[in-house]
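> Can you look at this prediction? I've put the sequence above it.
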Amino acid sequence: MDPTMISATLSSEDQQAILAAANTIRQKLPFLIDLNTQDRKGMQKLGNKTVGFVQKALQIANEHQSMFATTFLDEMRKDAQLLDALLPIHVAIQTIAKKIDDTAMQTGAEAYAAARTVYNITKTPFGKAPLRQAAQDLAQQYTRKKKTQSATTKKSGAAPAAAATPATPTHPAAAPEMPPSTPIAPAPAPVTPALTSTAHS
């Protein structure tokens, strides 16, 4: 991956215009909901094939309206019409959202790589007092970030991910000593009735 793939700027005017457009979308779609994971897990999903199934079922229902309640048929029509209207909007916004996510990720990686370069330069032996102080400030920022990530990981119960650190690598912690095992005394050998002496193991 090219470390300098992104080289662009976004003016504050354009940023505000984009945010205003996003707010307009929210205003035009006041009925949007927010499903949780459990809701999504138990819900029947609509795919390309089932969209055609819904359209065919609506056609049949319209042809035989006397067999269905008016409220049921009206609600089915509304759902089908709304679905037809939302699908192209969903595709358009999803495409933009993925590109924004990818661009933000790449830009963040480039910014972090540049910050690591600055940090490494501040640690050079040619650095004067201000640079040494800057190196300490950067190290503290990184340490606070690392502690926050560790606390979040422990709270969520997930295993901590390995993270690259600009500081001097630390030695791995020594493995904890295991307590000595208690020897188990051998069981006495059974006494054979035919023998006059007892065999010991």
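Now that the structure is in, tell me what you want to look at.

> what about the helices in this protein?
According to DSSP state H, the chain carries its helices in the segments 12-28, 37-41, 48-63, 70-122, 129-156.

> now the angle from the first one to helix 70-122?
Spelled out, it's helix 12-28. Counting by axes from the mean of the first three to the mean of the last three Cα atoms, to 10 degrees, helix 12-28 lies at 160 degrees to helix 70-122.

> Now stretch 37-54: average pLDDT?
Averaging pLDDT along stretch 37-54 yields 86.

> For it, C-alpha coordinates in CSV please.
Output in CSV follows, covering the C-alpha atoms of stretch 37-54 (Å, rounded to 0.1, in the frame of the first residue of the first chain):
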residue,chain,number,x,y,z
THR,A,37,-27.8,-6.8,17.1
GLN,A,38,-30.5,-8.9,18.6
ASP,A,39,-33.1,-7.4,16.3
ARG,A,40,-31.0,-8.0,13.2
LYS,A,41,-30.3,-11.6,14.3
GLY,A,42,-33.9,-12.6,14.6
MET,A,43,-35.2,-10.7,11.5
GLN,A,44,-35.9,-12.3,8.1
LYS,A,45,-33.5,-10.7,5.6
LEU,A,46,-34.6,-9.4,2.2
GLY,A,47,-32.4,-10.3,-0.7
ASN,A,48,-32.5,-9.9,-4.5
LYS,A,49,-34.7,-13.0,-4.9
THR,A,50,-37.1,-12.1,-2.1
VAL,A,51,-37.6,-8.6,-3.5
GLY,A,52,-39.2,-10.2,-6.6
PHE,A,53,-41.2,-12.5,-4.3
VAL,A,54,-42.6,-9.4,-2.5
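
> Many thanks, have a good one.
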